[in-house]
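S.K.: Show me how the following folds:
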Amino acid sequence: MSKFKNMDKIKVHKNQKSYGELQTQFNSFLDNAHVNQQKLNRFEKIEFNLMVAESIKDVLHILQNDYLKLFKLDRSRLILDDAGLSIQKLIPTEFQQKNNGKFLSLFHTPMDLDKLRFLPSRITTGLYQAAKHRWLINEEGIKSIAVLPLIRRGQTIGVFCCASKNVSRFKAHVSCDFLQRLSFIMAVCIENALNLEILKQNSFMDPLTQVHNRRFFDERLPEELNRRNRSQTAISCIFLDIDLFKSVNDNYGHGVGDDVLCQVAKRIQTVLRTHDILARYGGEEFVALLPETPNEEGLLVAQRIVAAVNKTPISIGKNVILKVSLSAGVSTLMSNECYDDIEELGSQLISTADQALYDAKEQGRNRAINAGLLVLSEKAQCLANNSSI
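M.R.: Here you go, the predicted structure:
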């Protein structure tokens, strides 16, 4: 009997051990399920934010900042195929500055593009290897990396990389399904955002001269005037008109006139800074807005534009060579005044420059006339006075 009792005790002990092992395994499964659910929630949050992003700027901010914070990573980098140099025009200036150079890169040289095109189409995760990954992320202390190729219609449009200083953060073949889905959503959202920027730009571009149109200028003018109010800096406006343009159309036809408009627009752009705003205002008229530009400097810019247009004749084909000139009017809003009625202020700034332009026409054309500082009405207030109230 004692023998059987001992056997029963052994069986109970074995069963208790088995139950303990099963309980441990079950708890482990629960923990893994909980971790995976949290991971899935983070992925879904990023995916949702990307899908509702309204611009390429929003998409880039999500990938640069939100993704790192949500997944507690050390670095991310986005590389896009810009073989046609068209994407650069769509990217906000803040992402093209030096301090953002480590996050966003636009590849356009054959050597760089080959790196993208020979990239594996599947997600890769694992240990960071300098010889292999330096062109993707080059930073001291990185131990593990995830590489997400961005594929659209069978073509690699770029790659998104995220890295950690934790050697076990990205293990080979772990969470690749989540990352694969995310890479697809990233590619779609980036492409859609860029296409939306193209549509926006096209709606604000003059199709003939490829400078901004009046609609764009009318929307940007109040923005720049509000910014000027906050920064207390001067802003100048230059109104431009091609001299005797009607005679060009009458004598040579509208085709030649169109070519003249395009070449004049290009010559104007060579004088302006990248952050100056140039628009075709209508017909043969152009307008330029020069932020942070005092009156004397605005007049010098106008004179340089007049000289750039008049310096050399414009060649149209083989048979037509035209000497073209334009007239300009300049007005400036001084730096220490603000005005609550931005719409009226913009109207005054343009009309004053326009009147100076007509004065230039009456004085013989091919010149710039300075209207000087804009004289505001009695509603104008000194910012210093406002701040002391």
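S.K.: Relative to residue 221, how far out is residue 106?
M.R.: From residue 106 across to residue 221, the span is 30 Å (CB to CB, to the nearest Å). The way it works is simple: take the backbone N, C-alpha and C, and place the C-beta from them, glycine included.
S.K.: quick one: which of these two has more around it?
M.R.: Comparing residue 106 with residue 221 by other CB atoms under 10 Å, the one with more neighbours is residue 221, at 23 against 19.
S.K.: Need the nearest residue in space to the more buried one, chain neighbours excluded.
M.R.: residue 346 (4.5 Å; CB to CB, 6 or more residues apart in numbering).
S.K.: ditto for residue 358
M.R.: In this structure, residue 358 finds its nearest non-sequential neighbour in residue 329, 7.3 Å apart by CB to CB, 6+ apart.
S.K.: Could you give the bridge partners of that neighbour?
M.R.: Legend: beta-bridge partners of residue 329 under DSSP bridges are residue 239, residue 369.
S.K.: who's in contact with it?
M.R.: For residue 329, the contacting residues are 238-239, 302, 352-360, 368-369, 371, by CB atoms under 8 Å, 6 or more residues apart in numbering.
S.K.: Now which of those residues would you call buried?
M.R.: 238-239, 302, 352-354, 356-357, 360, 368-369, 371 (16 or more other CB atoms under 10 Å).
S.K.: Tell me the one among the residues you listed nearest to residue 217.
M.R.: Looking at the buried ones among the contacts of residue 329 and their distance to residue 217, the nearest is residue 239, at 11.3 Å (CB to CB).
S.K.: for the residue sitting nearest the centre point of the chain, phi and psi?
M.R.: Nearest residue to the geometric centre of the chain (CA atoms, centre = their mean): residue 92, 1.9 Å. Per-residue torsions, residue 92: phi -60, psi 150 (degrees, to the nearest 10).
S.K.: can you pull the contacts of the closest residue in space to residue 209 that isn't next to it in sequence?
M.R.: In this structure, residue 209 finds its nearest non-sequential neighbour in residue 265, 3.9 Å apart by CB to CB, 6+ apart. Neighbouring residues of residue 265 by CB under 8 Å, 6+ apart: 209-211, 278, 280, 286.
S.K.: Go through stretch 222-241 and flag the buried ones.
M.R.: Buried residues in stretch 222-241 (16+ other CB under 10 Å): 224-225, 228-229, 233-241.
S.K.: swap in stretch 140-151?
M.R.: Neighbour counts over stretch 140-151 (16+ other CB under 10 Å) mark 142, 144-151 as buried.
S.K.: Let me see the ranges of the strands in the stretch 251-389 of the chain.
M.R.: For the stretch 251-389 of the chain, the strands defined by DSSP state E, counting those that start in this stretch cover 277-282, 285-291, 314-316, 320-322, 326-333, 337-338, 368-373, 381-382.
S.K.: Which two of the contacts of residue 265 have the greatest separation?
M.R.: 210 and 286 (12.6 Å).
S.K.: which of those two has more neighbours?
M.R.: Taking neighbours as other CB under 10 Å, residue 210 and residue 286 compare with residue 286 leading, 27 against 12.
S.K.: pLDDT score for the nearest residue to residue 174 once chain neighbours are set aside?
M.R.: Once flanking residues are discounted, residue 174 sits nearest to residue 125: 6.3 Å by CB to CB, 6+ apart. Residue 125 is assigned 94 on the pLDDT scale.
S.K.: Wait, the residue nearest to the centre of the chain touches residue 59, no?
M.R.: No. Checked against CB atoms under 8 Å, the pair residue 92 and residue 59 is beyond contact range at 10.7 Å.
S.K.: where does the stretch 1-150 of the chain have low pLDDT?
M.R.: 1-17, 19-20, 22-23, 25-37, 39, 97-101 (pLDDT under 70).
S.K.: show me what contacts the nearest residue to residue 215 once chain neighbours are set aside?
M.R.: Spatial nearest neighbour of residue 215, chain neighbours left out: residue 204 (6.2 Å); criterion: CB to CB, 6+ apart. Residues near residue 204 by CB under 8 Å, 6+ apart: 212-213, 215-216, 219.
S.K.: Filter those residues down to the ones in strands?
M.R.: Taking DSSP state E, the ones among the contacts of residue 204 that sit in strands are 212-213.
S.K.: For the contacts of residue 204, which PyMOL command selects only the ones that are buried?
M.R.: Restricted to buried positions by 16+ other CB under 10 Å, the PyMOL selection for the contacts of residue 204 reads:
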select buried, resi 212+213+216
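S.K.: Of the contacts of residue 204, which is the nearest to residue 250?
M.R.: The closest of the contacts of residue 204 to residue 250 turns out to be residue 213 (CB to CB; 25.1 Å).
S.K.: if I look at that closest one, how far off is residue 281?
M.R.: 9 Å.
S.K.: can you map out the helices along this protein?
M.R.: Counting by DSSP state H, the segments of the chain that form helices are 2-52, 56-61, 67-71, 110-117, 130-133, 176-203, 214-231, 245-252, 254-271, 295-310, 342-362, 383-388.
S.K.: circling back: count the neighbours of the residue nearest to residue 174 for me.
M.R.: 19.
S.K.: contacting residues for it?
M.R.: Residue 125 makes contacts with 144-147, 170-176, 179, as judged by CB under 8 Å, 6+ apart.
S.K.: Also residue 304?
M.R.: Going by CB under 8 Å, 6+ apart, residue 304 touches residue 271.
S.K.: and stretch 250-266, average pLDDT?
M.R.: Stretch 250-266 shows a mean pLDDT of 94.
S.K.: quick one: it to chain centroid distance?
M.R.: Here the centre of stretch 250-266 is set off from its chain's centre by 32 Å, with CA atoms, centre = their mean, to the nearest Å.
S.K.: Just the buried positions in stretch 342-351, please.
M.R.: Across stretch 342-351, burial judged by 16+ other CB under 10 Å covers 342, 345-346, 348-351.
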